[in-house]
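K.L.:
Model the following, please.
(2 chains)
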2 protein chains.
Amino acid sequence: MVSPSKIVKILEDLVRIPYYGLYGKSVSNELIIESDEEGAPHIYLYSLVDGSKKKLTSEPIYSTATPPDTPVNRVVYTRDVSRGKELQQIFYYDLTRNTEDKLVEMDPIRIFGLTDAIEYIAFTGATSKGVFLYKVKGHSLEELVKLPGFGIVYMARGSLIVGTGSLSGDPKTWDLMIYDLSSNELKTYHPKPETINKPLTIIDREIVFETNAFDPNRNVLVKLNIDTMELDELKFKHRDYEEIKPVEHSYCRYIDNEWFVIGRKEGRSKLFIDGKLVETPPGSLGGLVKLDNKIYMTYSSLKKPSTIIELDLGNGMYREIMGGKLPEEYRDSFGEVEFTYIKSSDGLEIPTYIVESRLAKKPGPTVVYVHGGPWSEVADSWRTMISALILTGFHVVAPNFRGSTGYGSEFMKLDIGDPGGGDLEDVAAASRYAVESGLANKLFIMGYSYGGYMTLWALTNKPDLYEAGVAGASVVDWEEMYELSDALFREFIKTLFNNKMDMLKERSPISKIKNLKKPLCIVHPQNDTRTPLKPVLRLMDKLLELGHSFEAHIVPDMGHAINTIDDALKILLPAILFLEKHK
Amino acid sequence: MVSPSKIVKILEDLVRIPYYGLYGKSVSNELIIESDEEGAPHIYLYSLVDGSKKKLTSEPIYSTATPPDTPVNRVVYTRDVSRGKELQQIFYYDLTRNTEDKLVEMDPIRIFGLTDAIEYIAFTGATSKGVFLYKVKGHSLEELVKLPGFGIVYMARGSLIVGTGSLSGDPKTWDLMIYDLSSNELKTYHPKPETINKPLTIIDREIVFETNAFDPNRNVLVKLNIDTMELDELKFKHRDYEEIKPVEHSYCRYIDNEWFVIGRKEGRSKLFIDGKLVETPPGSLGGLVKLDNKIYMTYSSLKKPSTIIELDLGNGMYREIMGGKLPEEYRDSFGEVEFTYIKSSDGLEIPTYIVESRLAKKPGPTVVYVHGGPWSEVADSWRTMISALILTGFHVVAPNFRGSTGYGSEFMKLDIGDPGGGDLEDVAAASRYAVESGLANKLFIMGYSYGGYMTLWALTNKPDLYEAGVAGASVVDWEEMYELSDALFREFIKTLFNNKMDMLKERSPISKIKNLKKPLCIVHPQNDTRTPLKPVLRLMDKLLELGHSFEAHIVPDMGHAINTIDDALKILLPAILFLEKHK
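P.N.:
So this is what the prediction gives:
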């Protein structure tokens, strides 16, 4: 039994561990870093010469742009100006003048893909009217095109703005989205129907992207010449890449005549330079900035908070230049981290991370942690929610159910047209495995966003499997969510359900809520514009009518994303106190 | 700035301080005590010989009966069998056989007045159909009468069952309710119209009660002979009582040929034996059990948790025989406790307790704490909510607005027909006084039940006065509350509003919610059957629509009453964290 004050102490210590992200490098060879070390995300300039750090932003930021690969003299980012409703404006910090300014006068809008191409800035934004592609040149905004579906800008170089999205009417086909400024044309491209294609970089008129078009088991790297529409495999000098066969890719750039690729496989990252594997610690890598003969990346694992590491390409030596530290007293709480495949009801193998808590007996209380998305994953990277469970004495089982990323786009596509179907069976299979394997004697379920949906859905469809559940920022009613959504999330729902709109009702927890048997804890941000609170209030009303036990916590002035340590604590605290009570 | 973990630690320590209540004495001269020292209310047998304590009840109890004055061989109490909905069943512990049993087979019902008359048990209970007076003889239940209004049993002796209530159709007249078992008749009695009459004890065929019929400034003690209907003033041997003139009375019994009276004045108790003042520490006394030449009472003050004290009538010496202790480290946090009268907008003097926190600057953050009821008060007695504020660095101003008890029934009656009218002005006057007197530089408002109502009401009617407010178990919509209420609370609402049912809408916070300007924290029990959650959910929906910042915490499986230390923590924790954030 962990006392409430001990729980709060643990969670306070935990949420205060900062994350670090790499934005890029400045013209004066400094690193540009994003971190919440002051409680909310800010941008810092880090001098590699004297290790000094300077905060650039006056107010917390919401998101940053994909920067150019070259050294920058400005940093581009957005701010949520709507108390969590994700309506943003674009700001920039001028590194030469040391000034911060609004980039362009515009109505706040949902921005979800933003890139700085030096000569201009491109972004995708959504209103109730549609999803649009915009360009900002100087300080003037231009609407380039209304997208025929759901698309996200990823990068822009020269005359090309590229992204990905379901743009040709088929939810199972995610095209390369290409806007050519030289012809002012929106082009979409997919090598084959029913393939997922995601851009990684642009070199002149060539777009490098990953696709599941050529191998059902992994996404391969290809390049498309936008003028000839010729498609080629990306080839490297060294053979390691081909032998290891990464399944997905989080980074790919051609720098100083070499390919730098971060590939991913089974939730872990591998760094390749021109196809040659570079030894890195097990876990997840991100970012990557090259400065002279050194590269900088972010690194974390399920046991290790995010850090920025420096790799000297000359001698292969590593150095951690900054990082969040798990306080000493908690380090022993983490037991084994196991990656395994669990057979689902239809035989599909579900890649699953299992983290044991040394504070729990075995078998002991176990939380099935369901990630959000659904197009996301629990990888071997730091996750505050999982750590919170470990440090308060729960084992954690985190299934990467069908639909998850990280295992190739064929696997990811399995959720399209069937959310709450096969994926629910996968979660249930992982839950049963937790008991059968001797890990769990009491099962709980918890998740945020799509994970919150899955929590409610599992509690109503498998009502005897869990002792209790915590549904964070959950989807309660897909139909009402659709009604309340802007164009982006309408397109998202249509894509996820493969346009089968009659499934929305049938797959909504509210329509099965009378099956609920076990205690439920609802945690929800007030101003959530992705999974809105309104249907959750209706669910509470229904639970009240049914006389069903529930607790609920509504977090004020907060949106879907957990951006500040204050909000993180407000989400985690009731969740953990609730689980502890039912432990 | 107090950290969340420090706040939880303080609150944990605070809610763990037990309360002690005196039930009576056993036939073998032991004290029968009620306490939550094990986390929830239980009954204990305390030996005065060896100081041993034995827990009698197997499960937590909800309420106890008014016992007979003679030594008992059973203890009668109820249990909530409805997860907080206050539907109860009656149990008893047989001290001779050491067994616990259900007293009578009956459907769970709201029981709100229960007394053990040895030969039988009487109680008032409410369903949706009405308020009824019941008798249990042996193990069989008899419905004696349906009450023509709102009445509460207080005591039964021999053939008389007495109580008080608005039974003659006029909400401003609270009759003595007398059920005579010798004639099977319900009688009501009031010396004058528009008077409040509350029974205190029965001696044979005489009922001793307090009434405001003869002095507008205080309730005097009188006795009524139920056969002759003759009314007499209660006279004592000694003169102290007459000189001190207590305003209300919490205890009056004739024991061993002497009158034992606990009178109350300005929130403090005075003990009189046959009119002679007995020195007691400043604060509140309750209970009173006489055993040989000793009396036992409960005692507490705003600075001192409840204790049971023993007074040796032979030598006048006191002894604390058990009590909750405020941990040493917190004792210095309590500053001055001041009692004062604050002039309201219409000149009425509002008796107010002011407690300073030594952890706050002066002027500093100050919470206007509004008590529930409205027919209740903040007296000089221990109150966890006020202590929680003091220990986390808030000064507290607790106005006993018009309608409060403790200042004579004329004062109490001022709220009838005007809830949210004059009382709001009183609360506002106390708030302004807090600033003008140099105590407060930031004002907050907080209350539970009627105090939660007043918080919402003040935030919507005086939207600039406070920085933020915490509304616990509040009334959001009197009309919907009336619809959802059982007969007892319908009668309560009719009485409170003096039958002016068109005022219900006009005095409901939900109808003025668009005026709200400041952050609001809502804390509400899920299964509250007095101030139901349903309209609160509707309020949240409205706040969401208006885009107004609010946070909300719904406590599961909990009713209106805060009975366990777990529930106390769940109510207090979000409240204090919220206030701290806005401090």
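K.L.:
What helix or strand is the residue of the stretch 51-200 of chain A found nearest chain B located in?
P.N.:
Closest contact between the stretch 51-200 of chain A and chain B, by CB to the nearest CB, is at residue A:83 (7.1 Å). Where you see a C-beta, it was placed from the backbone N, CA and C, and this is true even at glycine. Using DSSP states H and E, residue A:83 sits within no helix or strand.
K.L.:
do residue A:530 as well
P.N.:
Take DSSP H and E as the rule and residue A:530 turns out to sit in neither a helix nor a strand.
K.L.:
per-residue confidence for it?
P.N.:
Per-residue pLDDT puts residue A:530 at 96.
K.L.:
In space, what's closest to the residue of the stretch 51-200 of chain A closest to chain B - neighbours in sequence excluded?
P.N.:
With CB to CB, 6 or more residues apart in numbering or on different chains as the criterion, residue A:83 has its nearest non-adjacent residue at 4.5 Å, and that residue is residue A:557.
K.L.:
How about the contacts made by the one you found?
P.N.:
Neighbour list for residue A:557: A:83-84, A:526-527, B:549 [criterion: CB atoms under 8 Å, 6 or more residues apart in numbering or on different chains].
K.L.:
Which of those has the largest number of neighbours?
P.N.:
residue A:526 (24 neighbours; other CB atoms under 10 Å in any protein chain shown).
K.L.:
give the contact list for that residue.
P.N.:
A:84, A:533, A:554-558, B:544, B:549-551.
K.L.:
Residue A:346: which of those is nearest?
P.N.:
Distance to residue A:346 across those (CB to CB) is lowest for residue A:533, with 35.1 Å.
K.L.:
Can you name the helix or strand that the nearest residue to that closest one once chain neighbours are set aside falls in?
P.N.:
Leaving out its chain neighbours, the residue that sits closest to residue A:533 by CB to CB, 6+ apart is residue A:524, at 5.4 Å. Taking DSSP H and E as the definition, residue A:524 sits inside strand A:520-525.
K.L.:
Contacts for that strand next, please.
P.N.:
For strand A:520-525, contacts defined as CB under 8 Å, 6+ apart pick out A:84, A:456, A:459, A:468-474, A:531, A:533, A:536, A:539-540, A:543, A:548-555, A:558-560, A:567, A:571, A:574-575, A:578-579, B:556.
K.L.:
Just list what the following helix or strand past that strand packs against, helices and strands only.
P.N.:
Per DSSP H and E, the first helix or strand lying C-terminal to strand A:520-525 is helix A:533-546. Using 3 or more CB pairs under 8 Å, 6 or more residues apart in numbering or on different chains; DSSP states H and E, the elements in contact with helix A:533-546 are helix A:478-484, strand A:520-525, strand A:550-555, helix B:534-546.
K.L.:
before we move on, back to that, pretty sure the residue nearest to residue A:83 belongs to a helix, no?
P.N.:
No - read with DSSP: H, G, I helix; E, B strand; the rest coil, residue A:557 is coil and lies in no helix.
K.L.:
what's the spacing between it and residue A:54?
P.N.:
Going from residue A:557 to residue A:54 by CB to CB, to the nearest Å gives 29 Å.
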